[in-house]
Structure formats: C-alpha cells, structure tokens
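**Student:** Return a 3D structure for these sequence lines:
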Amino acid sequence: MSGAPSVAQLRTLYQNTITASSRFSSYNFSQYFTRRTKLAFEPYLQAENGSKTTNTEELARFYKDKTEELEVIRRSAEVNRMYEGPKLVIEHALPITAGGGDGAEASP
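**Tutor:** Just a heads-up that it's a prediction; the model follows:
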C-alpha cells in the first residue's frame, strides 16, 4: 500500500479484527484481544472525525501492522478453538432457582 488507507478501509479492518477476536473459544483471550483492538484503533478512529490529525505515513504503517496482526489473531483463534478447554462460570452461568441455603446456588 503506497498511501494512507481510506476511512472505509480502516473501519473494515477494525470490524474484522473485532470479529476475529470474538472467535476465541477462551473467554479471557476473546476479551483481551477485543479490548486491545479497541484501545489500539481508538486514536485513529477519532482522528477521522477531525478531533486529531495523523501523519499519512504513520497511518499507513499502523494499517500494515494491524493487517498483519489480524492474520495472527485469526490463526491463533483457530488453534484456540481446536484445543478448547472447559468453559468458565462466567460463560454459562445458571440462574438461581432454588430458595437458597448452603450451596443451593451451585447445584444444578
């Protein structure tokens, strides 16, 4: 890529990275990469709204780096799904239907 990416290309890359991040079977990995993506793209997505100007070379370098990172995240998510471990409690919490008491919440 010789010039800076367009706003549409930057948004597409952002959405693709968020989608790839959500494909991890591990809740912790998924949340980490989603949060990391939002933090990394935030200054560049705000800059397109005119709140901050960015250098075209810096933007082109950022786009290239994040495109390469997207491929790594996609491959990592696929491997993570192949070796999926047990789900965390937060991923499949059951509603409390018992009247309470010692350990009633944990029983199925």
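**Student:** where in the protein is pLDDT low?
**Tutor:** 1-2, 48-54, 93-108 (pLDDT under 70).
**Student:** check contacts around S76.
**Tutor:** Listed by C-beta atoms under 8 Å, 6 or more residues apart in numbering, the contact set of S76 reads 24, 29. To be clear about C-beta, it is placed using only N, CA and C from the backbone, and glycine gets the same treatment.
**Student:** host element of it?
**Tutor:** helix 56-82 (DSSP states H and E).
**Student:** what's the distance between that helix and the middle of its chain?
**Tutor:** Relative to the centre of its chain, helix 56-82 is centred 11 Å away, using C-alpha atoms, centre = their mean, to the nearest Å.
**Student:** So which bits of that helix are buried?
**Tutor:** 59, 62-63, 66, 69-70, 73, 76-77, 80 (16 or more other C-beta atoms under 10 Å).
**Student:** Dump the residues you listed to JSON lines, plus distance to Q46.
**Tutor:** Listed next are these as JSON lines, based on distance: C-beta to C-beta, whole Å:
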{"residue": "L59", "distance to Q46": "13"}
{"residue": "F62", "distance to Q46": "13"}
{"residue": "Y63", "distance to Q46": "16"}
{"residue": "K66", "distance to Q46": "16"}
{"residue": "E69", "distance to Q46": "20"}
{"residue": "L70", "distance to Q46": "20"}
{"residue": "I73", "distance to Q46": "22"}
{"residue": "S76", "distance to Q46": "28"}
{"residue": "A77", "distance to Q46": "27"}
{"residue": "N80", "distance to Q46": "31"}
